[in-house]
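J.: Sequence and computational prediction follow.
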Amino acid sequence: MSPHLGLPGLLLAAVAAVAGGLVNALAGGGTLLTFPALTALGLPAVAANVTNTIALAPGHLGATLAQRPQLAGQRVRVLRLVPAALLGGLAGGLLLLFTSERAFRRLVPFLILAASALLAVQEPLRGWLQRRLGARSRASHEALAVAPVFAASIYGGYFGAGLSVIVLAALGLVLDDSLTRLNAAKQAVGFAANLAAAALFLFSGQVHWPAALVMAVGAVAGGALGGRLAGQVRPATLRAVVVTVGLLVGLVYLLRG
């Protein structure tokens, strides 16, 4: 059973969500802050992950809506990829719910370390994709993107942190388009995967609802704040901080067993 957090615990969860929403808006990787905060407050690992997914869903919706201009002209692509993302997110969510608490706790350090590594290579990967997309002129193979999107979405439904990096890499390797448009398609795919998992988790009995609600408000506020600070904070600096925190948290989980 999830603990009763009380007002101090809920305030800490809300602060973590504001930080996570801000980080997601500026650099990505907010889950590396919010998930450890929930486990530090005493939530079991599976319940923390489920609660975190639901709490951050509104922020993913806001980010997707913000990308609507870049999604113009990608209707066919989105209609092809979103069903794969929904199915993958649902499969990942089911996999999580059928994972025992003990087994998931053993996986948590490696999931956090992997997510931190993905976030660390985000910018080099973007640069490589830009050079690759700029250098080639062959036709896109749109259908080939369905399988990697489905696979990435399974991971997204199971844990989520670093999903955007995986999806962007998959799209960039298969599709010929500008990085701006692929980034928008990535946002729609990530939202679909998270939405499917969140919808499943609503009925799982694992959600700590007081924490989820205050964190949802905090994540939206953090995302709005991140939008205002976009021109004042260097994403690379913030990303380095989040990666460092993620690596330290992952190592702590690993050493604690």
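T.: Okay, I see it.
J.: Identify the residue spatially nearest to L125, adjacent ones excluded.
T.: In space, and not counting its chain neighbours, L125 is closest to A169: 5.9 Å by C-beta to C-beta, 6 or more residues apart in numbering. C-beta here means a position set from N, CA and C on the backbone, and glycine is covered the same way.
J.: tally of neighbours for the one you found?
T.: When neighbours are counted by other C-beta atoms under 10 Å, A169 registers 21.
J.: does it sit in a helix or strand, and which one?
T.: Using DSSP states H and E, A169 falls within helix 163-174.
J.: Could you list every helix and strand in contact with the helix or strand just after that helix?
T.: Remark: after helix 163-174, the chain's next helix or strand is helix 179-201, criterion DSSP H and E. For helix 179-201, the elements it packs on are helix 45-66, helix 68-71, helix 75-97, helix 122-135, helix 146-158, helix 163-174, judged by 3 or more C-beta pairs under 8 Å, 6 or more residues apart in numbering; DSSP states H and E.
J.: switch the cut-off to 6 Å
T.: Applying 3 or more C-beta pairs under 6 Å, 6 or more residues apart in numbering; DSSP states H and E, one finds that helix 179-201 makes contact with helix 45-66, helix 68-71, helix 75-97, helix 146-158, helix 163-174.
J.: Tell me which of these sits nearest to H208.
T.: Nearest of these to H208, taken as C-beta to C-beta: helix 45-66 at 4.7 Å.
J.: Can you tell me the SS state at A161?
T.: coil (DSSP: H, G, I helix; E, B strand; the rest coil).
J.: Count the neighbours of it for me.
T.: A161: 27 neighbours (other C-beta under 10 Å).
J.: so where's the stretch 151-257 of the chain uncertain?
T.: 227, 230-231, 257 (pLDDT under 70).
J.: can you rerun that using 90?
T.: Scanning the stretch 151-257 of the chain for pLDDT under 90 picks out 160-188, 190-191, 219-246, 248-250, 252-257.
J.: one step back: now the helices and strands packed on helix 179-201 in a markdown table, with distance to G29?
T.: Shown next, in a markdown table, are those (distance: least, C-beta to C-beta, whole Å):
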| stretch | distance to G29 |
| --- | --- |
| helix 45-66 | 12 |
| helix 68-71 | 21 |
| helix 75-97 | 18 |
| helix 146-158 | 14 |
| helix 163-174 | 9 |
